[in-house]
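Visitor: okay, structure incoming, though there's no sequence with it:
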Ligand SMILES: CC(C)(COP(=O)(O)OP(=O)(O)OC[C@H]1O[C@@H](n2cnc3c(N)ncnc32)[C@H](O)[C@@H]1OP(=O)(O)O)[C@@H](O)C(=O)NCCC(=O)NCCS
């Protein structure tokens, strides 16, 4: 695959704006992902072993966002396919590269890949205080349809359970097309 060459652990300052392409998450990306994970999820981040288990999980589908200029991994995301549902398990972008639409690109990729794999809905849990993630998902019509009280063990914060609309519906696809077209304009594609 063209863009899965050597990854480095340390993200270098960008000399040019990021040009992001999305690729399947392979074992060779793990060092780079493990260098981002604690920066984005803090002390309760996933361990290396959790990622290895996920990469070997038949239900797991994981991707990395790679900058074509530097060949570095700037973000990652993935989901489990469970029947007609895709459960998003993780989504993160290196703090130095947030707010450049990399997270949104990863989410769109999740939606398109989940649809290819036969999912009709996407769902995830998100911290009640996680405004950036909630705003990102609400851009794609995700709604909070439940609360898991004191779900997060570190601070006993509630989790909101977000659900997409039916991703096969006309309504969802109109929204998706509109969002992808705006995203492509913003990222110069
Ligand atoms: C959530 C996260 C993945 C977003 O990634 P990102 O690349 O910075 O986000 P994008 O640049 O693609 O933003 C897309 C949209 O998300 C929302 N958003 C993203 N960051 C935001 C912020 N800091 N404040 C408010 N809205 C934000 C906005 O709606 C934005 O679109 P807009 O600017 O046109 O309104 C990133 O903040 C992150 O890694 N956070 C830590 C890990 C995490 O919380 N993951 C989610 C677990 S459920």
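Guide: Arrived safely. Note that the structure is predicted; figures quoted are calculated from it, not measured.

Visitor: hmm, residue 76 is touching residue 92, no?
Guide: Yes: counting by Cβ atoms under 8 Å, residue 76 sits close enough to residue 92 to count as a contact (6.2 Å). In this view, the C-beta of every residue, glycine as well, is placed from N, C-alpha and C.

Visitor: got the buried residues for stretch 144-159?
Guide: residue 159 (16 or more other Cβ atoms under 10 Å).

Visitor: so is that stretch next to the ligand?
Guide: No: using Cβ under 6 Å from any ligand atom, stretch 144-159 stays clear of the ligand, coming no nearer than 9.3 Å.

Visitor: coming back round to it: hey, what's in contact with both of residue 76 and residue 92?
Guide: Common neighbours of residue 76 and residue 92 are listed as residue 36 (criterion: Cβ atoms under 8 Å, 6 or more residues apart in numbering).

Visitor: these two: which has the busier surroundings?
Guide: Using other Cβ atoms under 10 Å as the criterion, residue 76 and residue 92 rank with residue 76 on top: 28 against 23.

Visitor: phi, psi of the nearest residue to that one once chain neighbours are set aside?
Guide: Leaving aside its chain neighbours, residue 76 sits nearest to residue 64 (4.7 Å; criterion: Cβ to Cβ, 6 or more residues apart in numbering). Backbone torsions for residue 64, taken as degrees, to the nearest 10, come to phi -120, psi 150.

Visitor: point me to the residue of the chain nearest the ligand.
Guide: The nearest approach of the chain to the ligand comes at residue 103, 2.3 Å away (Cβ to the nearest ligand atom).

Visitor: burial check on residue 47, number of neighbours?
Guide: Other residues near residue 47 number 10, with proximity taken as other Cβ under 10 Å.

Visitor: doesn't residue 145 fall inside a helix?
Guide: No: using DSSP: H, G, I helix; E, B strand; the rest coil, the secondary structure at residue 145 is strand, not a helix.

Visitor: quick one: contacts for the residue nearest to residue 76?
Guide: With Cβ under 8 Å, 6+ apart, residue 64 has these contacts: 22-25, 29, 32-33, 73, 75-76.

Visitor: pull out the buried residues from those.
Guide: The buried subset of those - by 16+ other Cβ under 10 Å - is 22-23, 25, 29, 32-33, 73, 75-76.
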